[in-house]
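S.K.: Requesting a structural model of the entry that follows:
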Amino acid sequence: MSLAGKVVFVTGGCRSGKSRYAESLCTAVPGPRAYIATAEIFDEEMRERVRLHRAQRGDAFDTIEAPIDLAAALCGVPAGTTVVMVDCLTVWLGNLMHHLSDFDEDCPVIVDFLQALGEVSCQVVLVSNELGMGIVPEHAMSRRFRDVAGRLNQRVAAIADEAYLTVSGLPIKLKGSQ
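M.R.: Numbering: from 1, shown residues only. Reported below is the predicted structural model:
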């Protein structure tokens, strides 16, 4: 397993193994690693999810908490960092929709993040949920979130040098050289 592209996108359904696969790509890269965590702990379920992710990655990464401004976090990783993992874009998008009263898909926070992907000096592995393969959500807000997440995934995948879909713990390469 190796990381050939500068920007790598890993998507998949819930509990598909996408974070574990992204971590394995990152830990194959020698040198200092950073982990940008987008989750905000607002209830016990999220606290447990964060605890499990922290235990899974151990001390292989320096953790940076960035629930809103991913561009600043990406551009601010410590000098000498060889790879940074962002987990996850779906949670980040939910944070934006919750916190930004004027949220839209082209809001400055998203535009700045997409631009930062081209400017960061180290390799970047991005994790996001694939939400478009399930049932149509019952509520309009949930349908909007699913639609916005799908379009954000498309924009990130277009920028990425490599893209993977994980299913049942197995990565399927969608984009990139062999």
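S.K.: Which parts of the protein are helices?
M.R.: Listed in chain order, the helices of the chain (DSSP state H) span 18-27, 44-57, 70-75, 89-99, 108-117, 140-159.
S.K.: Would you reformat these as a markdown table and include distance to S177 and mean pLDDT?
M.R.: Every C-beta, even on glycine, is put in place using the N, C-alpha and C of the backbone. Formatted as a markdown table, the helices of the chain follow (distance: least, CB to CB, whole Å; pLDDT from 0 to 100):
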| stretch | distance to S177 | mean pLDDT |
| --- | --- | --- |
| helix 18-27 | 15 | 95 |
| helix 44-57 | 27 | 89 |
| helix 70-75 | 24 | 96 |
| helix 89-99 | 23 | 96 |
| helix 108-117 | 19 | 96 |
| helix 140-159 | 15 | 96 |
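S.K.: Nearest approach to I36 belongs to which of the ones you listed?
M.R.: helix 70-75 (4.9 Å; CB to CB).
S.K.: Run through who's touching the closest one.
M.R.: Here helix 70-75 makes contact (CB atoms under 8 Å, 6 or more residues apart in numbering) with 36, 38, 64, 66, 84, 86, 92, 109, 112-113, 115-117, 119-120, 124.
S.K.: same thing but 7 Å
M.R.: For helix 70-75, contacts defined as CB atoms under 7 Å, 6 or more residues apart in numbering pick out 36, 64, 66, 84, 86, 92, 112-113, 116, 119-120, 124.
S.K.: Could you identify the most distant pair in those?
M.R.: Largest pairwise distance in these, by CB to CB, is 18.1 Å, between W92 and E119.
S.K.: who has more neighbours, those two?
M.R.: For W92 and E119, the more surrounded residue by other CB atoms under 10 Å is W92, and the numbers stand at 27 against 9.
S.K.: what's near enough to touch V120?
M.R.: 74-75.
S.K.: mind checking how far it is from A66?
M.R.: 13 Å (CB to CB, to the nearest Å).
S.K.: Over to E45?
M.R.: 21 Å.
S.K.: The two: which has the busier surroundings?
M.R.: Higher neighbour count among E45 and A66: A66, with 19 against 9, using other CB under 10 Å.
S.K.: Could you check the pLDDT of S177?
M.R.: Looking at S177, its pLDDT is 82.
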